[in-house]
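Q: task: produce atomic coordinates for the following.
(one chain, ligands or ions: 1)
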Amino acid sequence: MTAITLDRLSKSFGRQSAVHDVDLQIPDGAFVVLLGPSGCGKTTTLRMLAGLEEPTAGRIRFGDRIVADGDTGASVPASKRGLGMVFQSYALWPHMRVRDNIGWPLKVAGWGAADRDARVAEVLAMLELDGLADRFPAELSGGQQQRVAIARTVAPKPGVLLFDEPLSNLDARLRLDTRAELVKVHRLSGATSVYVTHDQVEALAMATHIAVMRDGAVEQFGTPAELLDRPATAFVASFLGSPAKVLLRGEVGRGRLFCGVVPLANVPGVPDGTQLDAMYAPDSLSVGPEGLLEFEVLESTPVAGRWITTGLAGTHRLSIVTDRAHLPGEATRLQPPERPDAIFAADGARLDSGGAAVGQASATTVGPASAAPLVEATR
Ligand SMILES: Nc1ncnc2c1ncn2[C@@H]1O[C@H](COP(=O)(O)OP(=O)(O)OP(=O)(O)O)[C@@H](O)[C@H]1O
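A: You can find the predicted model right below:
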């Protein structure tokens, strides 16, 4: 039983801050993906969990046990944390057969021969490696070698499994297969898993929880559905989803938010000149001559009987879901729905409060004015 708690976890390299003030409570048995663009601090966070990097401030707990404390410098060595780690590149022992590669960590940990053999057989079956047990690594494909590496990691039953972009060296088909394999391994092992990737499709497919990271901090932590349904920042809204949410930047004039001359929402009380982003679901905008915004189509891609159409609405490049293909270069118009689903300040903070659509007076407020003005539909 290993819940993981990060408490104001920070790491600097000299003057360079890589991770700062990360608070996370990862439930026992969760599969958490640390997701974000290159350089956002995912790997550094994972390496601190692994004991390969020491925090400069804050704490990490596995269950009730503090395994790293940046404030006091206390740290439990990696080998004593009860964790297993799967890397991008896996180094199997070339002179050992598959079964011995998997059994070796058990031998080192002092398992008796009978227990060891039983566990190796169990893990070979879990990863569908039974037929390959007596081969040497050089006699295996890359994907099979990766499965052996995973089997070797999970064999000692670690309470925590850490994955550092383990699929990135595999081709597209193998990625899909191994992804399913990893989810199965997670489920069968019962370990609390933390997985680093910058691939949001991978994250949405595998995670029970996602921590979206940006510039060394966590922007939002929640289940995939929570993040998709209710992104807390403009960054999360524009980063997650296939396609992501549509954000239209507008400027406030006389209590209304305008994208060019097109009114998007009423924002009474918000000062003139304030820039805000209105958020829409990508399948909520309609395309056609009656639309208010000019839209120049760049491409349409078929997906499950519909199309993802990407184009330019003024300076906005956006992708929406359409019922038919549109030709590249087609000049048409776009109609956003009456109300945006959310409004973000120019710094990315979400301004409306409740879960209901913006414009529903009971739930939503926006803007800095003290009278808590309502965001309303304009049409
Ligand atoms: N050993 C180091 N020395 C100095 N700076 C480092 C070191 N390791 C990481 N950094 C810096 O810390 C920041 C976070 O790096 P990190 O590798 O954690 O990001 P990441 O999100 O994993 O990126 P990627 O997806 O590219 O692997 C970056 O700005 C990086 O340059």
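Q: do I have it right that Asp272 meets Arg256?
A: No: the pair Asp272 / Arg256 is not scored as a contact, 9.9 Å apart, by C-beta atoms under 8 Å. Any C-beta I mention is one placed from the backbone N, CA and C, and that applies to glycine too.
Q: the more surrounded of the two?
A: Arg256 (18 against 10; other C-beta atoms under 10 Å).
Q: low-scoring stretches of the stretch 1-150 of the chain, by residue?
A: 1 (pLDDT under 70).
Q: what does it have sitting close to the ligand?
A: 13, 16, 18, 36, 38-44 (C-beta under 6 Å from any ligand atom).
Q: the residues you listed, buried ones only, as a ChimeraX selection?
A: Buried residues among these (16 or more other C-beta atoms under 10 Å), as a ChimeraX selection:
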select :18,36,40,41,42,43,44
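Q: pick out the most distant pair among the residues of the stretch 1-150 of the chain next to the ligand.
A: By the measure C-beta to C-beta, Phe13 and Gly36 form the most distant pair in those, at 17.8 Å.
Q: now do the helices in the stretch 1-150 of the chain.
A: Remark: helices assigned in the stretch 1-150 of the chain by DSSP state H, counting those that start in this stretch are 42-50, 98-108, 113-126, 142-154.
Q: for the stretch 201-350 of the chain, what spans make up the helices?
A: Along the stretch 201-350 of the chain, the segments classed as helices by DSSP H, counting those that start in this stretch run 224-229, 234-239.
Q: what's the closest of the ones you listed to the ligand?
A: Shortest separation from the ligand across the helices of the stretch 201-350 of the chain is recorded for helix 234-239, at 13.0 Å, computed as C-beta to the nearest ligand atom.
Q: so does that closest one get close to the ligand?
A: No: with C-beta under 6 Å from any ligand atom as the criterion, the ligand is not reached by helix 234-239; the gap is at least 13.0 Å.
Q: re the thing from before, from the helices of the stretch 201-350 of the chain, which stretch is densest packed?
A: Highest mean neighbour count of the helices of the stretch 201-350 of the chain: helix 234-239, a mean of 22 (counted as mean count of other C-beta atoms under 10 Å).
Q: next, count neighbours for Gly110.
A: The burial count assigned to Gly110 is 8, neighbours taken as other C-beta under 10 Å.
Q: now it: phi and psi?
A: As for Gly110, its main-chain torsions (degrees, to the nearest 10) stand at phi 90, psi 20.
Q: distance check, it against Lys157.
A: Relative to Lys157, Gly110 is positioned 14 Å away (C-beta to C-beta, to the nearest Å).
Q: hang on, Thr310 packs against Val287?
A: No: with contacts counted by C-beta under 8 Å, Thr310 stays clear of Val287, the gap being 12.0 Å.
Q: neighbour count winner among the two?
A: Using other C-beta under 10 Å as the criterion, Thr310 and Val287 rank with Val287 on top: 20 against 17.
Q: of the residues of the stretch 1-150 of the chain next to the ligand, closest to Gly241?
A: Minimum distance to Gly241 across these is 15.0 Å, recorded for Gly36 (C-beta to C-beta).
Q: Thr44 is in contact with the closest one, correct?
A: No: in this structure Gly36 lies outside contact range of Thr44 using C-beta under 8 Å: 11.5 Å.
Q: which residues do the two both contact?
A: Contact criterion C-beta atoms under 8 Å, 6 or more residues apart in numbering; no residue bridges Gly36 and Thr44 by contacting each.
Q: pull the contacting residues for whatever residue of the stretch 151-300 of the chain ends up closest to the ligand.
A: Closest to the ligand within the stretch 151-300 of the chain is His198: 5.0 Å, counting by C-beta to the nearest ligand atom. The contact partners of His198, by C-beta under 8 Å, 6+ apart, come to 35-38, 42, 165.
Q: how does this structure divide up, domain by domain?
A: The record's domain parsing of the chain by automatic domain parsing lists 4-231, 235-345.
Q: quick one: mean pLDDT for the last one?
A: Mean pLDDT, computed over domain 235-345, is 94.
Q: measure that domain end to end?
A: 11 Å (C-alpha to C-alpha, to the nearest Å).
Q: run the chain-centre distance for that domain.
A: 24 Å (C-alpha atoms, centre = their mean, to the nearest Å).
Q: could you check the pLDDT of Ala356?
A: If you check Ala356, the pLDDT there is 34.
Q: just Asp171 next, same as before
A: At Asp171, pLDDT is 80.
Q: how close does Ala138 sit to the ligand?
A: As defined by C-beta to the nearest ligand atom, to the nearest Å, Ala138 lies at a distance of 29 Å from the ligand.
Q: Provide a list of residues in contact with that residue.
A: Neighbouring residues of Ala138 by C-beta under 8 Å, 6+ apart: Pro94.
Q: so who does Ala237 touch?
A: Residues near Ala237 by C-beta under 8 Å, 6+ apart: 231, 244-245, 247, 279, 342, 344.
Q: let's see that with 6 Å instead.
A: Contact partners of Ala237, counting by C-beta atoms under 6 Å, 6 or more residues apart in numbering, are 231, 245, 279.
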